[in-house]
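Chemist: Provided below for reference: sequence and predicted model.
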Amino acid sequence: MVTVDDVRRLALALPRTEEHLIHDRVKFRIGRIVYLAFSRDETVLGFAFPKEERADLVASAPEKFLLPRASDLRYNWVEVRLAALDESEAAELVTDAWRMCVPASVARAHLGTDPEPPLPR
């Protein structure tokens with residue numbers, strides 16, 4: 001099982017990431033853009049994810065992934081149960097969410113690869 005500390009270690013290793021406590025919830029953001037957010041009980045992690053792909057993601061593993069609450073469906077966002085994640089999956093989700101929010105040049109410099117083109121917002 002992945003913990004808040006595991007996600008924190010992954011996120012804070014990524015350029016431009018800042019951690020904030022907002023309304024009793026741990027969130028990670030780049031500037032004003034939140035790309036990771038824990039539920040208050042820290043059992044669910046919300047993360048940036050393309051809207052167009054989230055229904056397929058949730059359908060592929062409904063025991064692991066959840067749609068965000070109705071008010072957040074307009075955002076590029078999905079949620080995952082931490083108990084269902086291993087560290088390699090968490091690293092991939094955190095890195096992909098971060099890549100959606102930073103300039104391509106920052107991702108390229110940090111990852112050493114050409115990231116996929118940014119998604120429309």
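Modeler: It's in.

Chemist: Name the SS class of the most centrally placed residue in the chain, please.
Modeler: Residue closest to the average C-alpha location in the chain (C-alpha atoms, centre = their mean): F47, at 2.7 Å. Secondary structure for F47, judged by DSSP: H, G, I helix; E, B strand; the rest coil, is strand.

Chemist: quick one: it from G31, how far?
Modeler: Distance, F47 to G31, using C-beta to C-beta, to the nearest Å: 17 Å. Backbone N, C-alpha and C define where each C-beta goes, glycine included.

Chemist: Same question for R25.
Modeler: Taken as C-beta to C-beta, the span from R25 to G31 is 18 Å.

Chemist: Neighbour count: those two, which is higher?
Modeler: The neighbour comparison of R25 against G31 (other C-beta atoms under 10 Å) goes to R25, with 15 against 9.

Chemist: What's the per-residue pLDDT of that one here?
Modeler: On pLDDT, R25 comes in at 95.

Chemist: isn't it right up against D41?
Modeler: No - the pair R25 / D41 is not scored as a contact, 9.9 Å apart, by C-beta atoms under 8 Å.

Chemist: quick check, distance from the longest helix belonging to the chain to the centre of its chain.
Modeler: Ordering each helix of the chain by length in residues (DSSP state H) puts helix 87-99 first. Helix 87-99 has its C-alpha centroid displaced from the chain centroid by 7 Å (C-alpha atoms, centre = their mean, to the nearest Å).

Chemist: Tell me which other helices or strands it touches.
Modeler: Applying 3 or more C-beta pairs under 8 Å, 6 or more residues apart in numbering; DSSP states H and E, we find helix 87-99 packed against helix 4-12, strand 33-38, strand 44-48, helix 104-111.

Chemist: what's the angle between it and strand 33-38?
Modeler: Computed by axes from the mean of the first three to the mean of the last three C-alpha atoms, to 10 degrees, the angle separating helix 87-99 from strand 33-38 equals 150 degrees.

Chemist: what about dumping the CA coordinates of helix 87-99 to CSV?
Modeler: Taking C-alpha atoms only, helix 87-99 is exported to CSV below (Å, rounded to 0.1, in the frame of the first residue of the first chain):
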residue,chain,number,x,y,z
GLU,A,87,4.9,2.1,-5.5
SER,A,88,5.6,1.8,-9.2
GLU,A,89,2.0,2.6,-10.1
ALA,A,90,2.0,5.6,-7.8
ALA,A,91,5.3,6.9,-9.4
GLU,A,92,3.7,6.6,-12.8
LEU,A,93,0.5,8.4,-11.8
VAL,A,94,2.3,11.2,-9.9
THR,A,95,4.7,11.8,-12.8
ASP,A,96,2.0,11.8,-15.5
ALA,A,97,-0.1,14.2,-13.4
TRP,A,98,2.8,16.5,-13.0
ARG,A,99,3.7,16.4,-16.7
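
Chemist: Lovely, talk soon.
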